[in-house]
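Asks: This is a predicted model, with the sequence first.
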Amino acid sequence: MKVSYEPTVGFGDYAEQFCNRSAFQYRFAEMLLAEPGARGRVLDVGCGGGMQPFLAPLTALAAQLDGLDPSPVILGHSDLVERWHAPVERAPFPRGAYDLAYAYNVVEHVPAARPFFEAVRAALKPGGVFWALTPHANHPFCKLSRAIELIGLKKRMAAANPGVNDYPAYYRLNRPRQVLRAVEGLGFDLATFHFMPCAQWGTYFPRPLKVFPRLYDRLLGSRFRPFMLLLAYRLQAG
């Protein structure tokens, strides 16, 4: 498999990233919409109950948009042609039917890496592409999130802050080496990794502690790829 690590572009310095904390979403959308497969049959893996605003152009571009999600909120998703209320590993989607599949902030919640990618590969046509965007497991946000969950505070935080989800996070597909190990021998020919800065994680901190994520982002997270919050990756089927 050919593997590449693309440079991070289009985010500006820390001040720009702090003022435009959603820039990563639109950069991810640009990469998805640039795929030739975005005009074909597209599968949203973990689509939730509605289209993310920054991905709205995909609904008009795709020949058919399908989705799956283990939550019943998918039943109210109005932009899907076909939908499956199930995780990708158990969803009865048509095999070898999709030009493009993607997962936005989903793979951190995958409990078993290999079955997930076996299902994703089964969904794709030859030459089809899968994109994922997720927190990078080496970032302190992931370590803090996992620690909070392990000590039982995550549900309480989710009840107080609607921006915090209360479902488990495992971070088993959030490093390039984890991904490459999980897809070995499954028929993917090309893997491309992008690191992206994002200053949103400070919203999870109480006001007196917000100085710590800001300092981290100014010194490291906005400057050096290994310290950036987000990892996006593209896998192309053979």
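Replies: It's in. Residues are numbered from 1 along each chain as shown.

Asks: from what I can see L75 touches W84, true?
Replies: No: counting by Cβ atoms under 8 Å, L75 does not reach W84; the two are 10.4 Å apart. The C-beta positions use only the backbone N, C-alpha and C, and glycine is treated the same way.

Asks: The two: which has the busier surroundings?
Replies: It is W84, of L75 and W84, that has more neighbours when counted by other Cβ atoms under 10 Å, with 19 against 11.

Asks: and that one, what element?
Replies: With elements taken from DSSP states H and E, the one containing W84 is strand 83-85.

Asks: What of D189?
Replies: Using DSSP H and E, the element containing D189 is strand 188-196.

Asks: Just the CA trace of that strand, in CSV.
Replies: This file holds the C-alpha atoms of strand 188-196, laid out as CSV (Å, rounded to 0.1, in the frame of the first residue of the first chain):
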residue,chain,number,x,y,z
PHE,A,188,-6.9,-0.8,0.1
ASP,A,189,-4.1,0.5,-2.2
LEU,A,190,-3.6,4.0,-1.0
ALA,A,191,-3.7,5.7,2.4
THR,A,192,-3.3,9.5,2.8
PHE,A,193,-3.1,11.2,6.2
HIS,A,194,-3.7,14.9,7.0
PHE,A,195,-3.2,16.6,10.4
MET,A,196,-5.4,19.6,11.1
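
Asks: what lines up beside that strand in the sheet?
Replies: The pairing partners recorded for strand 188-196 under DSSP bridges are strand 2-6 (parallel), strand 230-237 (antiparallel).

Asks: Just the C-alphas of the shortest one, formatted as PDB.
Replies: Included here for strand 2-6 are C-alpha records, laid out as PDB according to Å, rounded to 0.1, in the frame of the first residue of the first chain:
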ATOM      1  CA  LYS A   2       1.200   3.500  -0.900                       C
ATOM      2  CA  VAL A   3       1.100   5.800   2.200                       C
ATOM      3  CA  SER A   4       1.500   9.600   2.200                       C
ATOM      4  CA  TYR A   5       1.300  12.400   4.800                       C
ATOM      5  CA  GLU A   6       0.000  15.600   3.300                       C
END
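
Asks: Could I get the average pLDDT for that strand?
Replies: What strand 2-6 shows for mean pLDDT is 97.

Asks: Then stretch 227-235?
Replies: Across stretch 227-235, the average pLDDT comes to 97.
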